[in-house]
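Q: Show me how the following folds:
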Amino acid sequence: MKCRATFEVDTFYHIFNHAVGNEDLFRNDENFHYFLKKYSQHTGKVFDTHAYCLMPNHFHFLVKIKPYDDLKQLPKFSDNVHKFVMQKLSNLLNAYAKAYNAKYKRKGALFLDSTKRIAIIDDAHFATIVNYIHQNPVHHGFCKTVEEWNFSSYNAIISKKPSKIQRDYILNWFGGIKNFVQFHKDNTVVLQDELEFLK
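A: Sure thing, here's the model as predicted:
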């Protein structure tokens, strides 16, 4: 089924979700920061994050599920890796939605029913998704260059500041910061039709 890959250990995935209707997920910087805090709390031991972008009404992450030996140490883990990861994602979204609803005095669902996920199949796909994620705010008209957007992993990857992003892996994959930056400059139109469920 489209965008419904099964989670498996030691595998990369592009995961994304969208607000219901015309809602926004993030109304201000505080919302963005709070979501990232909850994201780390609920998923930090389940997968490693290699890239992300939070947009006002949707989000994208590139993650790699941790090895089986790491997952089996976690509370409530069963041999069903997919179910376990999906539950962690559900817990994240529910926790954020509950706090968001309380803060803004709203009721009901905030996210679409199920987080979409696509397995990364090869090196070309990996590079395209990293770039796609970082180019999202440019594509949607929120900024003119990827480095202008504060709520993506782009600046964390080229920075030397401490980060939970798998910076070394990404920079090694692209062959260093210079190549990473140049790749984004050379590939500003990478938005694939199958990913444009957001409109």
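
Q: give me the beta-bridge partners of the most centrally placed residue in the chain?
A: To find the centre residue of the chain, average its C-alpha atoms and take the closest one (Cα atoms, centre = their mean): that gives Phe61, at 1.5 Å. Beta bridges link Phe61 to Ile15, Tyr52 when assigned by DSSP bridges.

Q: residue furthest from the geometric center of this structure?
A: Within the chain, the residue lying farthest from the chain centre (Cα atoms, centre = their mean) is Lys105, at 26.6 Å.

Q: list the contacts for the residue nearest to the centre of the chain?
A: Residues touching Phe61, when contacts are defined by Cβ atoms under 8 Å, 6 or more residues apart in numbering, comprise His14, Ile15, Phe16, Tyr39, Thr49, Ala51, Tyr52, Ile133. To be clear about C-beta, it is placed using only N, CA and C from the backbone, and glycine gets the same treatment.

Q: CA atoms only for the longest helix seen in the chain - export them in PDB, please.
A: Ranked by number of residues, the top helix in the chain under DSSP state H is helix 81-104. Listed in PDB are the C-alpha atoms of helix 81-104, where the atom choice follows Å, rounded to 0.1, in the frame of the first residue of the first chain:
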ATOM      1  CA  VAL A  81       8.800  -4.300  15.500                       C
ATOM      2  CA  HIS A  82       6.300  -2.500  13.300                       C
ATOM      3  CA  LYS A  83       3.600  -2.500  15.900                       C
ATOM      4  CA  PHE A  84       6.000  -1.300  18.500                       C
ATOM      5  CA  VAL A  85       7.300   1.600  16.400                       C
ATOM      6  CA  MET A  86       3.800   2.600  15.300                       C
ATOM      7  CA  GLN A  87       2.700   2.700  19.000                       C
ATOM      8  CA  LYS A  88       5.600   5.000  19.900                       C
ATOM      9  CA  LEU A  89       4.700   7.400  17.000                       C
ATOM     10  CA  SER A  90       1.000   7.300  18.100                       C
ATOM     11  CA  ASN A  91       2.000   8.100  21.700                       C
ATOM     12  CA  LEU A  92       4.000  11.100  20.400                       C
ATOM     13  CA  LEU A  93       1.200  12.500  18.400                       C
ATOM     14  CA  ASN A  94      -1.400  11.900  21.100                       C
ATOM     15  CA  ALA A  95       0.800  13.600  23.700                       C
ATOM     16  CA  TYR A  96       1.400  16.600  21.500                       C
ATOM     17  CA  ALA A  97      -2.300  16.800  20.500                       C
ATOM     18  CA  LYS A  98      -3.500  16.600  24.100                       C
ATOM     19  CA  ALA A  99      -1.200  19.500  25.200                       C
ATOM     20  CA  TYR A 100      -2.000  21.500  22.000                       C
ATOM     21  CA  ASN A 101      -5.800  21.100  22.600                       C
ATOM     22  CA  ALA A 102      -5.500  22.100  26.200                       C
ATOM     23  CA  LYS A 103      -3.400  25.200  25.300                       C
ATOM     24  CA  TYR A 104      -5.700  26.400  22.500                       C
END
